[in-house]
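Asker: please work out how this folds:
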Amino acid sequence: IQYSSNGGGHQSSSLFIRGSDSKHTLFLIDGQRIGPLDGFSQFQFQHVPLDQIQRIEILRGPGSSLYGSDAIGGVVQIITKKAASKSSGDLVLGVGNNRTRKLSASGTLAGERGSVRLGVGHEYSDGINASRDNSGKDAYRITSGSFNFFYDLTQRAQLTVSALATDVNNEFDSNPQFNRDNQTVLNVGLKHQWAGGAESSIRLGSSTEELEFPLFDFGTRSFQNQFSWDHRFKAFGGVMLLGYEYLDQRFQQTTNFPPPQGAPNVDNTQVNSGLLTYTKDIAGYTVQGNLRFDANSNYQDVTTGQLSISRLLYDHVKIGALLGTGFKRPNFSQISGFVDPFAAGFAGIDSAVLNTDLKPEESENYELYVSVSSQYGQSRVSVFQNLVQDLIVGNVISAGNTRFTNEPGTAKIEGISFSHEGGSGPLA
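Answerer: Down below sits the predicted model:
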């Protein structure tokens, strides 16, 4: 995993998993998709306050067979803090250099069958000057709030609600106007356990991300609404999961330069998806298969899958192999092209930036791994190869006008990765 930041605190950043492009990482908060849909920006995960996070789960390698588009390099799942079973509260005050000040508070009220948790926070800093000139420090301020609730409807059914909102304002060099990033996520879930060990769950989710860049008179709004249902049960000597997902994505662009004439209505997209997974132990081996079909209202339909096999050699050593496919569909900005009115020699929008023939980026991933479990956690070494076809790249066709096309050939990403989950032994 590689992380890069363009400056000090809460400035633009990117996350790369196994050498893939940052846009090949899918971000989820409590299962809900989050992030801008403009094709140029990545979800700014550094804005999510640590005070509101319970844990972060990272899936390395393609996750499209479970989560759909964008998960070519991996998936990052952010789990917010849940309401505890006991009433409690906490208050955190912090100060630092560059006039950094931080305040956060949370409280949980627990009952016999449920609990509710509220959390709020605010942070301000003058920031640092990340450049070598005298452009000044890049200040930032962030305000956040979270809400978590669970209630046991019966001994077998539980209702959950979670919400997270952050509002970030940060400076960019000498620009007196603050850039703004507003993120909100809402999830409502219902889970029911059936007799015989089967389990069903339903989730309704919604997320928005609003970006504003006053210096460039540019901003975007991304809306993503999801409905998902899954049912896990025993079948044919193994465990099967059936799932359905509906995704509605809407994108708005606030700029003085509209998209070129003839641009398709891809700022409003609906995706219907079906999912099937099956896991079974066969002669000492654990075999798992995933299959997912995504029907898109604006682009071609895509089917992805994954097959894995593993075996426990000793009590604490496991070896395995997997192969899987992934994809990332083109978005509104890539099809409509990118226009930079501030470019030298810009003479207006060139209609040739429009490309309605863009195809999804598709990948094939192969992996061999060895994992070792101990009292300190689990360590894993993986050798992988990821082949990505039809990469979408931008080409400047005239001053300020960029047209996106599919790159011919295949990009090959190979490597060895090491990961450890758990403590660090005596140092923990």
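Asker: ok, now which ones touch residue 321?
Answerer: 308, 309, 310, 366, 367, 368, 369 (C-beta atoms under 8 Å, 6 or more residues apart in numbering). (C-beta placed from N, C-alpha, C; glycine too.)
Asker: which one is the second one nearest to, not counting chain neighbours?
Answerer: In this structure, residue 309 finds its nearest non-sequential neighbour in residue 287, 5.2 Å apart by C-beta to C-beta, 6 or more residues apart in numbering.
Asker: ok, that neighbour - contacts?
Answerer: 279, 280, 281, 307, 308, 309.
Asker: kindly report the same for residue 178.
Answerer: Neighbours of residue 178 in contact, by C-beta under 8 Å, 6+ apart: 139, 169, 170, 171, 214.
Asker: helix, strand or coil for the residue nearest to residue 309?
Answerer: strand (DSSP: H, G, I helix; E, B strand; the rest coil).
Asker: that one and residue 402, how far apart?
Answerer: Residue 287 sits 46 Å away from residue 402, going by C-beta to C-beta, to the nearest Å.
Asker: the closest residue to residue 91 other than its chain neighbours: neighbour count?
Answerer: Counting by C-beta to C-beta, 6+ apart, residue 105 is the residue found nearest to residue 91 once chain neighbours are left out, at 4.8 Å. By the other C-beta atoms under 10 Å criterion, the neighbourhood of residue 105 contains 15 residues.
Asker: residue 284 too?
Answerer: Residue 284: 8 neighbours (other C-beta under 10 Å).
Asker: surely it meets residue 310?
Answerer: No - between residue 284 and residue 310 there is no contact under C-beta atoms under 8 Å: 10.2 Å.
Asker: quick one: contacts for the residue nearest to residue 91?
Answerer: Residues near residue 105 by C-beta under 8 Å, 6+ apart: 89, 90, 91, 92, 119, 120, 121.
Asker: what are the pairing partners of the strand or helix carrying the last one, and which direction each?
Answerer: What that stands for is residue 121. If you go by DSSP states H and E, residue 121 is part of strand 114-125. Here strand 114-125 has these sheet partners by DSSP bridges: strand 100-110 (antiparallel), strand 140-152 (antiparallel).
Asker: mean confidence (pLDDT) on the helix or strand following the longest one, please.
Answerer: What it means is strand 140-152. For strand 140-152, the following helix or strand on the C-terminal side (DSSP H and E) is strand 157-170. Across strand 157-170, pLDDT averages out at 92.
Asker: what's the answer for stretch 27-40, then?
Answerer: pLDDT averaged over stretch 27-40 gives 85.
Asker: in it, which residues are buried?
Answerer: Of the residues in stretch 27-40, 27-39 count as buried by neighbour count, 16 or more other C-beta atoms under 10 Å.
Asker: from the chain's centre, how far out does it sit?
Answerer: 5 Å (C-alpha atoms, centre = their mean, to the nearest Å).
Asker: returning to that earlier point: would you tell me which of the strands paired with strand 114-125 gets closest to residue 207?
Answerer: strand 140-152 (14.0 Å; C-beta to C-beta).
Asker: for this structure, give me the ranges with low pLDDT.
Answerer: Judged by pLDDT under 70, the chain has its weakly predicted residues at 5-12, 39-41, 130-136, 172-177, 215-216, 255-266, 423-428.
Asker: can you show me the helices along it?
Answerer: Here the chain has its helices, by DSSP state H, at 64-67, 332-336.
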